[in-house]
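Asker: The sequence and its predicted three-dimensional model are supplied below.
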Amino acid sequence: SQELEQSPQSLIVQEGKNLTINCTSSKTLYGLYWYKQKYGEGLIFLMMLQKGGEEKSHEKITAKLDEKKQQSSLHITASQPSHAGIYLCGADPSSGSARQLTFGSGTQLTVLP
Amino acid sequence: DVKVTQSSRYLVKRTGEKVFLECVQDMDHENMFWYRQDPGLGLRLIYFSYDVKMKEKGDIPEGYSVSREKKERFSLILESASTNQTSMYLCASSLSRGRRSNQPQHFGDGTRLSIL
């Protein structure tokens, strides 16, 4: 089965600093999804990446999928307290199924004002 | 915007009770999912459904059942609640545009269930 490893597990940064979260797969990623979760709430969909080398941005958050489609990174520029939360990556386990997702264990982000 | 609504944010039940968690989505999505989320264990898939009256077991189906009588509604049932089922339960839905098309899952706000 596909496993997703996220690093770091937790991150504390000062407001205004840049940061990167990584998501590494043991198998080829056919679809990679980034979500954000605030404590005690549901997951909010951020971005989806499908093609090797693809990069997407939303406001100050940029996500990339490497050419080999086994690693994705999420980069936040000039972090703000509103960016705090848990970031999770999820992936399609195979090319033929668009239903199930496997999730990483998450990265807890704290942004100090 | 996609709206996935879970019936309760917080729920407290007793051991042995039959518990129903309801989830409704308003975007005509074919696929619906139930997860539980526990510290250190991440999100684990309990059951999912890709059509009305269809269901498939996820990674941890033991002690749970599901019902999908209408396309918009997916219910999770704890047949006889136990303390180890205390958890955060998350419902999600996604559109199915052919078997090779990737679509994100959209989540509800979660139900924090405590079994005493």
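Answerer: Alright, I've got the coordinates.
Asker: alpha carbons only for contacts and neighbour counts from here, please
Answerer: Fine.
Asker: contacting residues for residue 15?
Answerer: Since no chain was named, I'll use chain A. When contacts are counted by CA atoms under 8 Å, 6 or more residues apart in numbering or on different chains, residue A:15 touches A:78-81, A:111-113.
Asker: ah, no, chain B please
Answerer: Residue B:15 sits next to B:80-83, B:115-116 when contact means CA under 8 Å, 6+ apart.
Asker: count of neighbours near the residue of chain A found nearest chain B?
Answerer: Residue nearest to chain B within chain A: residue A:42 (4.0 Å; CA to the nearest CA). Using other CA atoms under 10 Å in any protein chain shown, residue A:42 is surrounded by 22 other residues.
Asker: Report the buried members of the contacts of residue B:15.
Answerer: Among the contacts of residue B:15, the ones that count as buried by 16 or more other CA atoms under 10 Å in any protein chain shown are B:81-82, B:115.
Asker: for those, which one is nearest chain A?
Answerer: Using CA to the nearest CA, these come closest to chain A at residue B:115, 17.2 Å.
Asker: Show the contacting residues for the closest one.
Answerer: Residues near residue B:115 by CA under 8 Å, 6+ apart: B:12-15, B:81-86.
Asker: repeat that for 6 Å
Answerer: Taking CA atoms under 6 Å, 6 or more residues apart in numbering or on different chains, we find residue B:115 in contact with B:12-14, B:83, B:86.
Asker: re the thing from before, of the contacts of residue A:15, which belong to strands?
Answerer: Applying DSSP state E to the contacts of residue A:15, the entries found in strands are A:111-112.
Asker: Would you mind putting the contacts of residue A:15 into JSON lines with distance to chain B and pLDDT alongside?
Answerer: Shown next, in JSON lines, are the contacts of residue A:15 (distance: CA to the nearest CA, whole Å; pLDDT from 0 to 100):
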{"residue": "A:78", "distance to chain B": "27", "pLDDT": "97"}
{"residue": "A:79", "distance to chain B": "25", "pLDDT": "97"}
{"residue": "A:80", "distance to chain B": "23", "pLDDT": "96"}
{"residue": "A:81", "distance to chain B": "21", "pLDDT": "95"}
{"residue": "A:111", "distance to chain B": "21", "pLDDT": "97"}
{"residue": "A:112", "distance to chain B": "23", "pLDDT": "96"}
{"residue": "A:113", "distance to chain B": "26", "pLDDT": "91"}
